[in-house]
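**Student:** generate coordinates for the sequence data below:
(one chain, ligands or ions: 1)
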Amino acid sequence: MRQVAVGILASILISSAALAQDAALGEKVFIKCKVCHQVGETAKNAVGPELNGIIGRKSGSVETYTYSPAMKSAGLTWAEDSLSEYLKNPKQKVPGNKMAFVGLSKPDDIANVIAYLKQFDASGKKTP
Ligand code: HEC
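**Tutor:** Got it, this is the predicted structure:
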């Protein structure tokens, strides 16, 4: 009986953890992006554009960055769903874009990295 209760409790904990977005875990996922992207108050364009305020930002809209024609004309506004799709499979979401990244295969990694990025407003200030 006790084992059953423990099992149920464990599965509740696991399923709620899977749904939650965790910005701290997302910061670790962002290590993969950091090769090419910066965020924060000192963020600059690198191989890829800076990602401040990315949720709500129009795709291909950083004036100082030279996008591919595909990203320039993608016509997306980055929201959690469109960004999830892009991070899962960049080449499928925006065919012909020049982000040389295979994508994130784990849904948790995608949710967490979005939670991390969401903390930065357009000026790169981190909001809790
Ligand atoms: C190898 C370098 C590289 C890696 C790694 C990489 N990116 Fe990119 N990313 C780019 C480039 C280059 C572009 C511009 C694409 C274009 O213009 O076609 C881009 C574009 C983007 C855009 C669209 C930005 C805009 O202004 O519309 C987002 C969002 C993005 N990347 C997020 C990420 C995230 C999050 C990760 C990590 C999970 C990541 N990228 C990993 C190179 C990279």
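
**Student:** packing partners for the helix or strand harbouring Ile110?
**Tutor:** Ile110 belongs to helix 107-118 when assigned by DSSP states H and E. Contacts defined by 3 or more Cβ pairs under 8 Å, 6 or more residues apart in numbering; DSSP states H and E place helix 107-118 against helix 23-29, helix 80-88. In short, each C-beta sits where N, CA and C put it, glycine included.

**Student:** let's go with 10 Å and repeat that
**Tutor:** Helices and strands touching helix 107-118, by 3 or more Cβ pairs under 10 Å, 6 or more residues apart in numbering; DSSP states H and E, are helix 2-19, helix 23-29, helix 31-34, helix 80-88.

**Student:** can you give me the buried ones in it?
**Tutor:** For helix 107-118, a neighbour-count test (16 or more other Cβ atoms under 10 Å) marks 108-118 as buried.

**Student:** also stretch 80-95?
**Tutor:** Neighbour-count burial for stretch 80-95, counted by 16+ other Cβ under 10 Å, picks out 82-88, 90, 93-94.

**Student:** what about that stretch, start to end distance?
**Tutor:** Terminal residues of stretch 80-95 lie 19 Å apart, using Cα to Cα, to the nearest Å.

**Student:** which residues sit against it?
**Tutor:** Residues outside stretch 80-95 that contact it (Cβ atoms under 10 Å, 6 or more residues apart in numbering): 21, 29, 33, 54-55, 57, 59-60, 68, 70-71, 73-78, 97-107, 109-111, 113-115, 117-118.

**Student:** same question, stretch 37-51
**Tutor:** By Cβ under 10 Å, 6+ apart, stretch 37-51 touches 27, 30, 33-36, 52-54, 57, 59-67, 71, 78, 98-101, 116-117, 119-121, 123-126.
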